[in-house]
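In: model the following, please.
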Amino acid sequence: MTATQSNELLTEQVVAKHLSVSLACLRRWRYERRGPVVIHVGRLVRYRRSELEDWIARQPRGGEQNEASGGHRAEG
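Out: This next block holds a predicted model:
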């Protein structure tokens with residue numbers, strides 16, 4: 001990824017589609033401060049591509065132990 005690509009600003013719609021979540025979900029994450037870092041350009045909400053990719057990389061992956069649960073999975 002070039003420097004220009006990493007600094008590219010993405011719209012909410014593009015980010016929601018990239019993450020396969022609804023726009024409402026992405027906005028809820030922003031409100032709860034759980035989602036990717038946002039940039040406000042005037043009244044517009046944008047996401048820097050590099051920040052989005054970093055946020056995705058920090059998310060837990062399936063099959064990995066969750067430290068918050070002490071590494072235990074709920075029995076189902």
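In: contacts, neighbours, all on C-alpha from now
Out: Will do.
In: where does this structure have low pLDDT?
Out: Under the criterion pLDDT under 70, the flagged ranges of the chain are 1, 3-4, 64-76.
In: now do the strands in it.
Out: Secondary structure of the chain (DSSP state E): strands at 9-10, 39-41, 44-48.
In: how deep is the closest residue to Gln5 other than its chain neighbours tucked in, by neighbour count?
Out: In this structure, Gln5 finds its nearest non-sequential neighbour in Arg49, 7.2 Å apart by Cα to Cα, 6 or more residues apart in numbering. Neighbours of Arg49 under the rule other Cα atoms under 10 Å: 18.
In: next: Ser50.
Out: 16.
In: residues near Val14, how many?
Out: By other Cα under 10 Å, neighbour count at Val14 equals 14.
In: let me redo that: Arg58
Out: Neighbour tally, Arg58, other Cα under 10 Å: 8.
In: quick one: it from Val45, how far?
Out: 22 Å (Cα to Cα, to the nearest Å).
In: on that earlier part again, as JSON lines, the strands of the chain with mean neighbour count would be great.
Out: Shown next, in JSON lines, are those (neighbours: other Cα atoms under 10 Å):
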{"stretch": "strand 9-10", "mean neighbour count": "19"}
{"stretch": "strand 39-41", "mean neighbour count": "11"}
{"stretch": "strand 44-48", "mean neighbour count": "16"}
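In: who's in contact with the residue nearest to Gln5?
Out: Gln5, Ser6, Asn7, Glu8, Leu9, Leu10 (Cα atoms under 8 Å, 6 or more residues apart in numbering).
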